[in-house]
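>>> Kindly generate the corresponding structure for this input.
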Amino acid sequence: MMQENEECEEQVVTNPITGSQDVIRENIIKYIDSARFDILQIIDNEPVTPSMIADRGLVSRKTASEYITEFQECAFVNSNADNHYVLTYSGKFALELVEDCLETITREQLAFLSRSPRPLRFLRSLRTGPRGPHKLANASADSPGRATIWRTFQTFEEYGWCESCPKGYRLTTRGEEALFAYQKLLKQSEQVIAKAPFLQRLSTEFANFPTHALTDAELVFSKPASPGLVVEAALKLRDFRTRHFRILTSVFQPTLFKTYYQSTRLGLAVEPIVDSTVYERIAQNEDLHYLLDNSKRDNYTLRCLEDSLTLGIGLYDDRKVAIGAYNEVGDGNHVAMIVSSNDELVEWATKKYERYREQSVDPMDPSRVTETASITQESNSQ
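Numbering: from 1, shown residues only. Down below sits the predicted model:
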């Protein structure tokens, strides 16, 4: 959760991966005031190694390796099968936020606003009307001297963000635009950190994912010491108000499957879609074959996909959604999930579910029945 310090207006967010309290402004300046930002742009264009980065002449191979390690720790990059580094969804999201901000202000201006909390505080102060630097100098005990404040306002004036007037300085239209762009960057950067376990696992193919809608979403993610956290949370989401449950899953979880199948006896309509890997796991277990039979319950219809996924969706009527992301990250194949009632997230998930539903097939069509029997026979012979 983000916190705001009243005096310095610093925005601080808890990093769920490290447990640290991260000052968003400090994260921005660390990247924008060094080659880190340029290296992220390079990685966005193509998978790279530290040597390839060093060949660009920005930094040495040693520094490139150090930056890559930092990027991994904050979930911005991951290595692919060729041991080249690629951006995760987190990395792409962070890069796009900064690039969007730079469409309004320059990199130099962004750095100026981020090196200290004071420029933002002074610029914000002009929103309520013209202000004189002498008033800001006496605003609080830790206020900087008048000379420092004058230099800050002179810089604002050079950037075209304010102009002098009889009462001191007033905010210009360009200043309002700069302030809006920077505050938007601060606000959305919170989600890069707060939702990192989810975003680092979300496939980068989902370019239209509404990341700006994550603010109020609840995050749950599994860890090596507690791999079942997401499943436990998913089971707790079941409630008797839900009449229609649609689920897309790429993770084999028999407990979850059985629970929702049994819920059909209470009138719950359940429409699961399983990917190819989950289908094979179910087909290998004769005790679970009933899950593939849609003829037993009128309010139960399971469908199968021909391909594997790294995405999970649970739609509780049209009022709530759980979105899970699963892939190879670091040394663990763990799941991260967000839960939200945000309309944009529900709509995004619904469209994705419906698209996969159209691509899916009935597991009990003749070809699938033969395949199921073949998988079962192969499993029993091992």
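
>>> Which other helices and strands does the helix ranked longest in the chain contact?
Assignment by DSSP state H gives helix 173-194 as the longest helix of the chain. The contact analysis (3 or more Cβ pairs under 8 Å, 6 or more residues apart in numbering; DSSP states H and E) places helix 173-194 against strand 11-14, helix 24-32, helix 89-101, helix 107-114, helix 118-125, helix 146-159. For every residue, glycine as well, the C-beta is placed using N, CA and C.

>>> chain center to that helix, what's the gap?
Centroid separation between helix 173-194 and its chain, computed with Cα atoms, centre = their mean, to the nearest Å, is 17 Å.

>>> packing partners for the next helix or strand after it?
Next helix or strand after helix 173-194 toward the C-terminus (DSSP states H and E): helix 196-199. Helix 196-199 is packed against helix 89-101, strand 218-221, strand 320-326, strand 335-340, with contacts defined by 3+ Cβ pairs under 8 Å, 6+ apart.

>>> strands paired with the second one, and their directions?
If I follow you right, that is strand 218-221. Partner strands and pairing direction for strand 218-221 (DSSP bridges) are strand 335-340 (antiparallel).

>>> go on, the third one?
The pairing partners recorded for strand 320-326 under DSSP bridges are strand 311-316 (antiparallel), strand 335-340 (antiparallel).

>>> and residue 58, what are its phi and psi?
Main-chain torsions, residue 58, degrees, to the nearest 10: phi -80, psi -50.

>>> circling back: any idea which of the helices and strands packed on helix 196-199 gets closest to residue 254?
strand 335-340 (15.3 Å; Cβ to Cβ).

>>> what's the closest one in contact with?
Residues from elsewhere that reach strand 335-340, judged by Cβ atoms under 8 Å, 6 or more residues apart in numbering: 195, 197-198, 200-201, 213-214, 216-222, 230, 233-234, 237, 251, 312, 320-326, 345-346.

>>> same thing with stretch 175-186?
Against stretch 175-186 from outside (Cβ under 8 Å, 6+ apart): 11, 24-25, 28, 97-98, 100-101, 103-105, 109-110, 113, 120, 123-124, 126-127, 156, 159-162, 171.

>>> Tell me the buried residues within those.
Burial by neighbour count, 16 or more other Cβ atoms under 10 Å: within those this picks out 11, 24-25, 28, 97-98, 101, 104-105, 109-110, 113, 120, 123, 126, 156, 159, 161-162, 171.

>>> Let's have the strands paired with strand 320-326 in JSON lines, adding mean neighbour count, distance to residue 365 and mean pLDDT.
Formatted as JSON lines, these follow (neighbours: other Cβ atoms under 10 Å; distance: least, Cβ to Cβ, whole Å; pLDDT from 0 to 100):
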{"stretch": "strand 311-316", "mean neighbour count": "22", "distance to residue 365": "24", "mean pLDDT": "96"}
{"stretch": "strand 335-340", "mean neighbour count": "24", "distance to residue 365": "30", "mean pLDDT": "95"}
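
>>> could you dump those to a markdown table with distance to residue 206?
Converted to a markdown table, the strands paired with strand 320-326 look like this (distance: least, Cβ to Cβ, whole Å):
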| stretch | distance to residue 206 |
| --- | --- |
| strand 311-316 | 8 |
| strand 335-340 | 13 |
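
>>> Can you say which of those is nearest to residue 39?
Smallest distance to residue 39 across the strands paired with strand 320-326 (Cβ to Cβ): 25.4 Å, for strand 335-340.

>>> Quick one: distance of that closest one to the chain centre.
In terms of Cα atoms, centre = their mean, the centre of strand 335-340 is found 10 Å from the chain centre.

>>> same deal with stretch 259-272?
Averaging C-alpha positions (Cα atoms, centre = their mean) puts stretch 259-272 30 Å from its chain's average.

>>> Quick check: mean pLDDT of it?
For stretch 259-272, the per-residue pLDDT values average out at 95.

>>> Can you point out the buried residues in that stretch?
Residues of stretch 259-272 classed as buried by neighbour count (16+ other Cβ under 10 Å): 260-261, 263-264, 268-272.

>>> That concludes my questions; thank you for your assistance.
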